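> just a sequence and a predicted model for now, questions to come.
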Amino acid sequence: MWKVCKYTLIDLARNKFALGYALLLMLVTMGLFMLEGDPTKALISTTQVALALVPLLSVVFTIIYFYNQYEFTVLLAVQPMHRRNIVMGQLVAVALALLVAFLFGVGLPVLVYAPGGAGYTLLLTGAALTAVFTAIGGLIAVKNRDRARGVGIGLVTWVIMVLVYDAILLWIMFSFSDRPIEPVIVPLAALNPIDLARILIMLKIDLAALLGYTGAVYQQFFGSAGGMLVSLFALFLWVVLPTFWTVSAFRRKNL
Amino acid sequence: MDNVVLNNVGKRYGKLWALRNVNAAFASGEVIMVIGPNGSGKTTLIKCILGLVRATEGAIQVRGLDVNGDPKYRHAIGYMPQLSEFPRELTVEQLLNMMNDIRNAVPGSTDDRLIGALGVDGLLNKRVSTLSGGMRQKVSAVLAFRYKPSVLILDEPTAGLDPISAGTLLEAVMETKRNGATVMITSHIMEEVQQLGDRMAYLQDGNLRALLAPETVMDVTGEKLLSKALPKYLAKLPKNHVESL
């Protein structure tokens, strides 16, 4: 697996998209910090941008990369190695390349302008989202032979997780606003890795106080050590389960 | 020794049988030309042997090892696909090193003659993205022959190659055969089939209709060209005739 990973990383290190991704993130992040006088406000804006951009670009890049590599992947499958090593090597390499780009593009400005708990949480959750959406992108690419269909599914997945899911949660909260539904909302929020990342960062910025009772419930659960562990475990599952499914599907796939 | 043995092999995609009831044994030192009309199952047969596709029924063995078992049997295999694509930002040298790493090849154990013979030595520092289709085919050929395979599978190997390189490649095929390898080549070019093949495996609608020497077909039909002899021969075969072991 590490042999495939090594050479895939060399290939990705020269990939113009990866470089452009890092530069885009850096431009946006630095621009927000420079335009906004208050680093906390800039961090909030950066969070919103990162939580939208990172999943989108991770899933689309992964899908397109896997499709572009399809013929070579077939050649690798003819070599004396297990298929799981091929797909894991490629997934790890893509995730690492995107992670480095993210840490460079967002991490450097954050370390300069807003070092601290909230900034580090943004970097940690951003890294986690990179891994999550790389795994999801790999799964979509392996399960779908058609490139246009695969990219379409990736975009729809992103739209659902960034927009639709939150809209549904808001509708539930509004519809049942006269009832104590926070015990239901908390686990539902944890089911979406983007919402989970957003909550963890907001708690560090101490915005929970602005959210009234809901914020207090979030603070009570996610702010505790146990809640943090549950959150990290949920993000871990979001990486592991799609990856496991990808490897399983690739092993059985007719190439 | 039979390097490749197919026992009642069949492959179904949904309701469609791409291969059915294929029985054959290919010996060492033999060139098998795999031919047939489009959609006859040639590519599926090749992919089943390579382990790219799992047969729905039957068994395939390469040098006595089941292709659905441990992938170690693929140490014996060299494969040149019809279309060659590689990671675009790797240099040719890095690509060759990658395959060496994957195969745990010891320095000096590889057959690098084709690197010079096909002019790939001049491409080693070039990135794959700068190579033409023909150049990529040459790199693909180098990779197929490099590890001294016992079973060499070439999918339309001369497509995209200039005539001189095609000739060099075919000479390499004959030398590999003389070294005891089983060579399987898919081709639509009857002159190649006639020139190279010890036997030809003719597939039609997923069935192996004929497995015999080109000379036999020409002798039976009295034709001097295989392109004319083969249709005559097939017309004489019983409608449901399939080869068996």
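That came through fine.
> please list the residues of chain B that sit near chain A.
B:13, B:47, B:50-54, B:71-75, B:77, B:79, B:81, B:83-90, B:94-95, B:98-99, B:101-103, B:127, B:143 (Cβ under 8 Å from any Cβ of the partner chain). The way it works is simple: take the backbone N, C-alpha and C, and place the C-beta from them, glycine included.
> what kind of secondary structure is the most centrally placed residue in chain B in?
The centre of chain B sits closest to B:Ile153, judged by Cα atoms, centre = their mean, with a distance of 2.5 Å. Secondary structure state of B:Ile153, per DSSP: H, G, I helix; E, B strand; the rest coil, is strand.
> pretty sure B:Arg146 is touching B:Ser109, no?
No - using Cβ atoms under 8 Å, B:Arg146 makes no contact with B:Ser109, being 9.6 Å away.
> and those two? which has more neighbours close in?
Just comparing B:Arg146 and B:Ser109: by other Cβ atoms under 10 Å in any protein chain shown the higher neighbour count belongs to B:Arg146, 21 against 12.
> identify the residues contacting the more buried one.
Applying Cβ atoms under 8 Å, 6 or more residues apart in numbering or on different chains, we find B:Arg146 in contact with B:Gly78, B:Leu96, B:Met99, B:Ala105, B:Thr110, B:Asp111, B:Asp112, B:Leu114.
> average pLDDT for the strand or helix carrying the first one, rounded please.
With elements delineated by DSSP states H and E, B:Gly78 resides in strand B:77-80, which encompasses its position. Mean pLDDT, taken over the full extent of strand B:77-80, equals 95.
> adjacent strands (with direction) for it?
strand B:151-155 (parallel) (DSSP bridges).
> helix or strand next in line after the strand it pairs with, which one?
Per DSSP H and E, the first helix or strand lying C-terminal to strand B:151-155 is helix B:163-178.
> can you list the helices and strands that the helix or strand just after that next one packs against?
Following helix B:163-178 in sequence order, the next helix or strand is strand B:182-186 (DSSP H and E). Where contact means 3 or more Cβ pairs under 8 Å, 6 or more residues apart in numbering or on different chains; DSSP states H and E, strand B:182-186 is packed against strand B:2-13, strand B:16-27, strand B:30-35, helix B:42-50, strand B:151-155, helix B:163-178.
> now what about strand B:182-186, what contacts it?
For strand B:182-186, using Cβ under 8 Å, 6+ apart, the contacting residues are B:3-4, B:26-35, B:42-43, B:46, B:49, B:82, B:150-157, B:173, B:176-177, B:192, B:196-197.
> apply 6 Å and report the result again.
B:3-4, B:26, B:28, B:30-34, B:42, B:151-156, B:173, B:177 (Cβ atoms under 6 Å, 6 or more residues apart in numbering or on different chains).
> could you do stretch B:188-204 as well?
B:30-36, B:40-42, B:187, B:209-214, B:226-227.
> residue boundaries of the helices in the stretch 51-200 of chain A?
A:70-77, A:83-102, A:108-113, A:117-143, A:147-159, A:165-175, A:182-190, A:193-205 (DSSP state H, counting those that start in this stretch).
> could I get the buried residue list for the third one?
By neighbour count, with 16 or more other Cβ atoms under 10 Å in any protein chain shown as the criterion, the buried positions of helix A:108-113 are A:Pro109, A:Val110, A:Tyr113.
> which elements pack onto it?
If contacts are counted by 3 or more Cβ pairs under 6 Å, 6 or more residues apart in numbering or on different chains; DSSP states H and E, helix A:108-113 sits against helix A:16-35.
> the helix it packs on versus helix A:83-102: what angle between them?
30 degrees (axes from the mean of the first three to the mean of the last three Cα atoms, to 10 degrees).
> ranking the helices of the stretch 51-200 of chain A by burial, who's on top?
Highest mean neighbour count of these: helix A:117-143, a mean of 24 (counted as mean count of other Cβ atoms under 10 Å in any protein chain shown).
> which helices and strands does that helix pack with?
helix A:39-68, helix A:83-102, helix A:147-159, helix A:193-205, helix A:225-252.
> which of these has the lowest average pLDDT?
helix A:193-205 (a mean of 82).
> what's that helix in contact with?
Applying Cβ under 6 Å, 6+ apart, the contact partners of helix A:193-205 are A:47, A:51, A:117-118, A:121-122, A:125, A:129, A:132, A:161, A:189-190, A:218, A:222-223, A:231, A:234-235, A:238.
> how near is B:Arg209 to chain A?
B:Arg209 sits 24 Å away from chain A, going by Cβ to the nearest Cβ, to the nearest Å.
> quick revisit: would JSON lines of the helices and strands packed on strand B:182-186 with mean pLDDT and distance to B:Gln137 be doable?
Listed next are those as JSON lines, based on pLDDT from 0 to 100; distance: least, Cβ to Cβ, whole Å:
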{"stretch": "strand B:2-13", "mean pLDDT": "93", "distance to B:Gln137": "24"}
{"stretch": "strand B:16-27", "mean pLDDT": "93", "distance to B:Gln137": "24"}
{"stretch": "strand B:30-35", "mean pLDDT": "95", "distance to B:Gln137": "19"}
{"stretch": "helix B:42-50", "mean pLDDT": "94", "distance to B:Gln137": "17"}
{"stretch": "strand B:151-155", "mean pLDDT": "95", "distance to B:Gln137": "11"}
{"stretch": "helix B:163-178", "mean pLDDT": "92", "distance to B:Gln137": "8"}
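> the residue nearest to the centre of chain B pairs with what?
Going by DSSP bridges, B:Ile153 forms beta bridges with B:Tyr79, B:Met184.
> which non-adjacent residue is nearest the residue in the stretch 51-200 of chain A positioned nearest to chain B?
In the stretch 51-200 of chain A, the residue that lies nearest chain B is A:Glu71 (3.7 Å; Cβ to the nearest Cβ). Excluding its sequence neighbours, the residue lying closest to A:Glu71 (Cβ to Cβ, 6 or more residues apart in numbering or on different chains) is B:Glu85, at 3.7 Å.
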